[in-house]
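> build me a structure from this.
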Amino acid sequence: MDYRTVTEEQLDACTRVIDEAKNEVFYLVASATDPDVTYQVRYNKQYKVLSCTCKAAGSGNTCWHRRAVVEHNRQFKAAKKAEAQAQARQLRLEELGLTRDEAREALSHTLTVDGQPADDETLVRVFGPCTRRPAESEIEHMAVRYQPQSFSILR
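Sure thing, here's the model as predicted:
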């Protein structure tokens, strides 16, 4: 099957259904010619093929419903994988010291360093709280600088 010929309209006609009683996922696909008709597309585990209840599939032809279901399922799995990766990265950022809100904000931005996406440590530095402690030399310098000085009006 050539899955590149699936249109957005065909993808929109697909509805993913989970039958919890049978522990099975199948699709309902709306007919392109009759708005009151939907076809079922199921995976046949025994023969390892998709079956469709449309007339074309019933006469042995390849129907667009199966092509659309394959593409829809591919996009669904890709979206779930991206979602899982984003959740894992958010947890990694939280382990590195960001709060949940800071981690979400960091992931909602596209930060690049030298043309590459920023690594997690950089995101923590940019979006995390400012917790830098001054060095001893800075403390000594500021202590001298802000030392109380005597004041006289007569000078």
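> give me the neighbour count for the nearest residue to Ala118 once chain neighbours are set aside.
Closest residue in space to Ala118, ignoring its immediate chain neighbours: Leu111 at 4.1 Å, by C-beta to C-beta, 6 or more residues apart in numbering. Heads up, the C-betas are built off the backbone N, CA and C, glycines and all. Neighbour count of Leu111, defined by other C-beta atoms under 10 Å: 13.
> repeat that for the one 10 residues further on.
Per other C-beta under 10 Å, the neighbour tally for Glu121 reads 10.
> now it: which helix or strand?
helix 120-127 (DSSP states H and E).
> what mean pLDDT does that helix get?
In this model, helix 120-127 carries a mean pLDDT of 91.
> can you show me the strands along the protein?
Counting by DSSP state E, the chain has strands at residues 14-19, 24-30, 38-44, 49-52, 112-113, 116-117.
> same for the last one, what does it pack against?
For strand 116-117, there is no helix or strand it packs on, judged by 3 or more C-beta pairs under 8 Å, 6 or more residues apart in numbering; DSSP states H and E.
> give me the distance from it to the chain's centre.
Distance, stretch centre to chain centre, for strand 116-117: 17 Å (C-alpha atoms, centre = their mean, to the nearest Å).
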